[in-house]
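Undergrad: Quick one, fold the following:
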Amino acid sequence: MAKSPLPLHVAEAHARRLAMALYDGADAFRRVEIAGSIRRLKPTVGDIELVGEIDPDREFGASARIARVLHDAGVRRAAPTVRADGTEVHAPWGDRYMKGDWEPEAGQTVQVDLFMVRSPADWGVVFLIRTGSADFSQAIVTRLHRFGLRSEDGRIVDTTKSAGGRRGEHPAVPCPDEETFFRLARLPWIPPERRDPADEATSRLLSGPVEL
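TA: Numbers count the residues shown, from 1 in each chain. Here you go, the predicted structure:
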């Protein structure tokens, strides 16, 4: 199915409508926010990325309710892809990631990626990584290694310590928001529209001193 690159203002309007439908209709989320290239204010958008934080008190049956809302909005599970060896790979459609195709208007088809933050994952980690860009996310996650930290399963762990004395298991470092992630990476806040290593100032920060 051919996708339709959309102007930013059109993609953002569609994303807000879908985010509101999920928040109001699924009875599962604490919040649903727009991420990806829309949040980075790219002029042309190839897909819609949303991040939703699951409310633990409403988690039972949440995935089924979320899938129903997507279905009612016209979002269908993305078609399988075929690897070079001929193996068919089904699109993710589970408790943490749903990948779908949506036709918000006639003649428009856009990919929808819904990432769900469930314990033990932290909002700050998932929202930052899914905002991107991919190169920026990789660079800032790699930068954490300088300080004995690692991004793992949607959370940050302290690799200099053992959890409960168990070898190979590390305690989580709370990361409830992006500001905390930047602080752990010893970086000042970088606005989404500048989160690209190709941005000269951002590149200097990412590769710069370990202390602000």
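Undergrad: quick one: low-confidence ranges for the chain?
TA: Counting by pLDDT under 70, the chain contains low-confidence ranges at 1-2, 164-168, 210-212.
Undergrad: show me the biggest helix of it in terms of residues.
TA: helix 8-26 (DSSP state H).
Undergrad: Walking through the chain, point out its strands one by one.
TA: Listed from the start of the chain, the chain has strands (DSSP state E) covering 6-7, 29-34, 44-45, 47-54, 75-77, 81-82, 88-89, 97-102, 110-117, 149-152, 155-158, 172-173.
Undergrad: if we look at the fifth one, which residues are touching it?
TA: Strand 75-77 has contacts (C-beta atoms under 8 Å, 6 or more residues apart in numbering) with 18, 90-91, 93, 98-102, 112. All C-beta atoms are positioned from the backbone trio N, CA, C, and that covers glycine.
Undergrad: how distant is stretch 63-73 from the center of its chain?
TA: Using C-alpha atoms, centre = their mean, to the nearest Å, the mean C-alpha position of stretch 63-73 is found 19 Å from that of the whole chain.
Undergrad: Check stretch 158-174 too.
TA: Between the mean C-alpha point of stretch 158-174 and the mean C-alpha point of its chain there is a distance of 25 Å (C-alpha atoms, centre = their mean).
Undergrad: Show me the contact partners of it.
TA: By C-beta under 8 Å, 6+ apart, the residues outside stretch 158-174 that reach it are 120, 122, 148-150, 152, 155-157, 180, 184.
Undergrad: Can you flag the buried ones in these?
TA: Neighbour counting with 16 or more other C-beta atoms under 10 Å marks 122, 149-150, 155-157, 180, 184 as buried within the contacts of stretch 158-174.
Undergrad: can I get these in a markdown table with distance to residue 169?
TA: Listed next are those as a markdown table, based on distance: C-beta to C-beta, whole Å:
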| residue | distance to residue 169 |
| --- | --- |
| 122 | 17 |
| 149 | 15 |
| 150 | 12 |
| 155 | 13 |
| 156 | 14 |
| 157 | 9 |
| 180 | 22 |
| 184 | 19 |
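Undergrad: out of the contacts of strand 75-77, who's nearest residue 35?
TA: Residue 35 lies nearest to residue 112 out of those, by C-beta to C-beta, at 11.8 Å.
Undergrad: how much space is there between that closest one and residue 12?
TA: Computed with C-beta to C-beta, to the nearest Å, the distance linking residue 112 and residue 12 is 14 Å.
Undergrad: same thing with residue 127?
TA: When residue 127 is compared with residue 12 (using C-beta to C-beta), they lie 17 Å apart.
Undergrad: How about residue 138?
TA: Counting by C-beta to C-beta, the gap between residue 138 and residue 12 amounts to 25 Å.
Undergrad: Good, wrapping up.
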